[in-house]
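S.K.: pasting a predicted model and its sequence here:
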Amino acid sequence: MFLSLDTVRKAVDELKGVNAFFGISFLVCKRKKLPVGKTIHFAINRAETEFLQTYCKPDYTSKHFFQPFKTSAGRWIKPTYASSGLQSTRTRGDLSAAFIHEKKTDVWGWSRNYIEVLRKKLDLDKSGRIPAFWLAAWLFREREWPENARTADVVEALIREFFITREEVGELFGTTEPDATQPAFTEDVYSDAELLRFLEPAPDSKPEEGGTLQFLGLDGLGPTQNLEFNPGERLSIITGDNGLGKTFLLECAWWALTGQWAEAEQQVYPRVEARRNNTAISFEIAGKRLAQKKTIKFDWDTQSWPAPPDRPTIPGLIIYARVDGSFAVWDPARHATRSDPPRTAVLRFTRDQVLRGFEGKIEGLLRDWVTWQRNPDPTIFEVFRRVLGRLSPPDMGPLTPGDPIRLPFEPREMPTLLHRFGQVPIIHESAGVRRIVTIAYLLVWAWNEHRIYSGLAKKAPQDKMVVLIDEMEAHLHPKWQRIVLPALLDVTNILAKNVQAQIIVATHSPLVLASVETSFSDATDKLFHLHLTSNGQVTFKDINFVRYGRIDEWLTSDLFELTQPRSSEGEQAIEQAKRLLADPEPAPDAIVEVTKHLRETLANDDEFWPRWLYFAEQKGVGI
C-alpha cells in the first residue's frame, strides 16, 4: 500500500502555514539526537542539505528543493538554503533561544527550555501545532506500507524514526488526521512527476516537452459567448453544421498549442458585442509532469493576441491539415528555449509548396518521394510505403509506389502509384488520392525531420504528437470515408512504436463516425457537437458516442438531425404521410394526394410502401 496522491497533495496544503524550521531543522536535530543542556560538534548545514535532498527533491532536473512549509523564500528554495535561510533562523530571532550555540562554530545543543521556546514560536505564528500526520505523509510519500496500515502507523513512524519524545508530541504536535471517508492509502503507485503537475514549476526548470491539449476555453470569441473544450486523450471528433465553428475551434486549438496562428496574417477576433475585459483564450497543455492553465486576454490596443509567456509545457510534434489543402507543422526540436520566440518551430506550407517544395523549408513530396525511393537506406521509404498502404482505399487496393518516370515539360522524375488499371503519376491522381497521399507524406516527413533535429540536439525524439485534421472526409469516396479514420489511428505506430498521438478531427460525415464504432474507446476518445438551437444560440457539448450500426441511423441521429435518410422532398412526403397515418379519419382525397407525392419522391421498393399501401387499403382508398 502507498499513500495516495490526493493525501500527499492535501499534506502540501496543510503544511503551508508551518514554519520551515519545524519541517526541516527540528527533524534534522532530532535525528542527530542533539543533547539537551550540552553541546556536540554537528555539521548542521550539511545535515540539513542531505535532509532536503532526501525528502524535498520531487524534481531531479532542478537544482532547487521543494518544501511545503512557510518561508520568506517561497516553496522552491535554493541549494544553499541550509547555510542561508535556515542558518539565519537558527542563529537569530525567536528560535535561536532554543539552541546552545557558539557563533562561527559547529557546536550545537538544545537549550534546557527548548520545548517552551518552540511552543511559543508556534503560538506566535498562529499556526497551531505541527500536523503530525500531514508532516509524515509528506516525508514518507514514496514509502510502501503493509496492507493493513493505518494513519496512526504513519505518525508512529515519524515519532520513531526522528526520536521525538512524548513531551515534544504533547507540546508541539497536533493529531488531526484525514477525513475517514477519503482513504489515505491506495494500491496504486504515483510518481513525483504526477505530484509536480500540481506544484508551481521550479525557478530553473526547463519547459517540459511532449505535451498534448487538455483544455481549451474561449470567452467572447466565435459563435458562442463561452466555450470549453476538453479533448480526449487519443481521439476527439467535432461535428456540427456549416458555420457553427468547427474550423474556428481547430484554429484556436493550434494557437493554444503553438502560440501562433496557422495563417500568420489571419487571427481570430473577438465577437462584435464582446467586452474589453471578457475576451480571452484559456488553455492547458498537459505533459507527464506538468499541466498548468494559462489565460491570455486579447490586447485591444494592438488588436492582437500576445504570445503566451513562459510555457511550463511545450507540446509535442503537431501536424495540422487544413481544409484548403495547406498544412502547418510545429516541431519542439526546433524550439530552443522557453524565452526564445518559437517562430522557428512553426512551418506553414500551401498545398503547392507541400507538393513542389518551399526553399529552405521543405523539399516537397515530388522530390522527397524519389529521393527516399532511390536512397540505399530504405528505412524512411519503407515507413512511407507502409503508411500509404494503411491509408489506402478499399476499392482501389493498396496505394503502392511505382517506379518514377519523366513527363513532358517536367524537370524532375515524377513519383507514380500502381493501380490495377495501370501506373499513374501522382500529379495526375484524383483529388482524394492526392489528399491522402499528401497527409501520409506530411506525417512521415514531419516525424523524420523531428527525429533528425532531435539527434542534432542530442535528445530523444518525442513520444507524443498532436494531429489536427479539418474535414476528414474531403474529396473521399464513401468507401474511403468508412476506413480512413481507423487507419489514421494506426499510422503513428508505423512511424515509431512508442509514439502516442492525440488526434482531433472535424467532420460532416456520418460514414467517418460509423467507421470508428469498433475502435472508439470511452476511456480515451470523445465526441463533440456544435448545435444551433431554435432561439439562435450555438451550443457545444461533449456527447455520448452511440453505436448506431447503420449509416442511415447516424443521419437521423441528433448529430445530423435529418428526420428521414432520404431527399428533402422525400422527407417532406414521408412526414405528410405520417400525419395522415395518425389521423383517425383521414380524407380520401388527402390520401390520394400524398400517394402522388410519395410516387414522385420514393423508389418503388422503398420500405415505406408496404405500410402505406396497407393503410390506404384499410381506409378504402384504391391507389
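M.R.: Now that the structure is in, tell me what you want to look at.

S.K.: every contact and neighbour count from this point should use C-alpha atoms.
M.R.: Noted.

S.K.: helices and strands of the chain: which one bottoms out on pLDDT?
M.R.: The weakest-scoring helix or strand in the chain, judged by mean pLDDT, DSSP states H and E, is helix 192-196 (a mean of 75).

S.K.: could I have the helix or strand that comes right after that helix exported to PDB, CA atoms only?
M.R.: The first helix or strand that comes after helix 192-196 along the chain, using DSSP states H and E, is strand 208-221. The C-alpha atoms that make up strand 208-221 are tabulated as PDB, following Å, rounded to 0.1, in the frame of the first residue of the first chain:
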ATOM      1  CA  GLU A 208       8.600  20.100 -20.300                       C
ATOM      2  CA  GLU A 209       8.300  18.800 -23.900                       C
ATOM      3  CA  GLY A 210       5.800  16.400 -25.300                       C
ATOM      4  CA  GLY A 211       2.500  18.000 -24.100                       C
ATOM      5  CA  THR A 212      -0.900  17.500 -25.600                       C
ATOM      6  CA  LEU A 213      -4.000  19.700 -25.400                       C
ATOM      7  CA  GLN A 214      -6.000  19.000 -22.200                       C
ATOM      8  CA  PHE A 215      -8.300  22.100 -22.100                       C
ATOM      9  CA  LEU A 216      -9.300  25.000 -24.300                       C
ATOM     10  CA  GLY A 217     -11.600  27.800 -23.100                       C
ATOM     11  CA  LEU A 218     -12.900  30.600 -25.400                       C
ATOM     12  CA  ASP A 219     -14.600  33.700 -23.900                       C
ATOM     13  CA  GLY A 220     -16.100  36.300 -26.200                       C
ATOM     14  CA  LEU A 221     -15.000  34.600 -29.400                       C
END
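
S.K.: in terms of secondary structure, what does strand 208-221 contact?
M.R.: For strand 208-221, the elements it packs on are strand 224-229, helix 246-258, strand 280-286, strand 313-315, strand 464-470, judged by 3 or more C-alpha pairs under 8 Å, 6 or more residues apart in numbering; DSSP states H and E.

S.K.: check which residues of the least confident helix or strand of the chain are buried.
M.R.: D192, E194, L195, L196 (16 or more other C-alpha atoms under 10 Å).

S.K.: now distance to V323 too, for those, in CSV please.
M.R.: What follows is these, written out as CSV (distance: C-alpha to C-alpha, whole Å):
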residue, distance to V323
D192, 41
E194, 37
L195, 40
L196, 38
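
S.K.: of those residues, which is the nearest to P408?
M.R.: E194 (59.9 Å; C-alpha to C-alpha).

S.K.: do I have it right that the closest one meets D59?
M.R.: No - using C-alpha atoms under 8 Å, E194 is not in contact with D59, being 10.7 Å away.

S.K.: R599: how many residues sit nearby?
M.R.: 13 (other C-alpha atoms under 10 Å).

S.K.: K458 too?
M.R.: 9.

S.K.: in what helix or strand does it lie?
M.R.: Judged by DSSP H and E, K458 forms part of no helix or strand.

S.K.: how close does it get to I452?
M.R.: Relative to I452, K458 is positioned 10 Å away (C-alpha to C-alpha, to the nearest Å).

S.K.: which of the helices and strands packed on strand 208-221 has the lowest mean pLDDT?
M.R.: Here the lowest mean pLDDT among those goes to strand 313-315, at a mean of 78.

S.K.: list the neighbouring strands of it plus their orientation.
M.R.: strand 208-221 (parallel) (DSSP bridges).

S.K.: by how many degrees do the strand it pairs with and strand 280-286 diverge?
M.R.: 160 degrees (axes from the mean of the first three to the mean of the last three C-alpha atoms, to 10 degrees).

S.K.: centre of the chain to strand 208-221, how far?
M.R.: Mean-position distance between strand 208-221 and its chain equals 7 Å (C-alpha atoms, centre = their mean, to the nearest Å).

S.K.: let's test this: mean pLDDT of that strand, rounded?
M.R.: 88.

S.K.: for stretch 113-124, same thing?
M.R.: pLDDT averaged over stretch 113-124 gives 91.

S.K.: so what touches that stretch?
M.R.: D94, L95, A97, A98, F99, G128, R129, E168, E171, L172 (C-alpha atoms under 8 Å, 6 or more residues apart in numbering).

S.K.: this completes my enquiry, with thanks.
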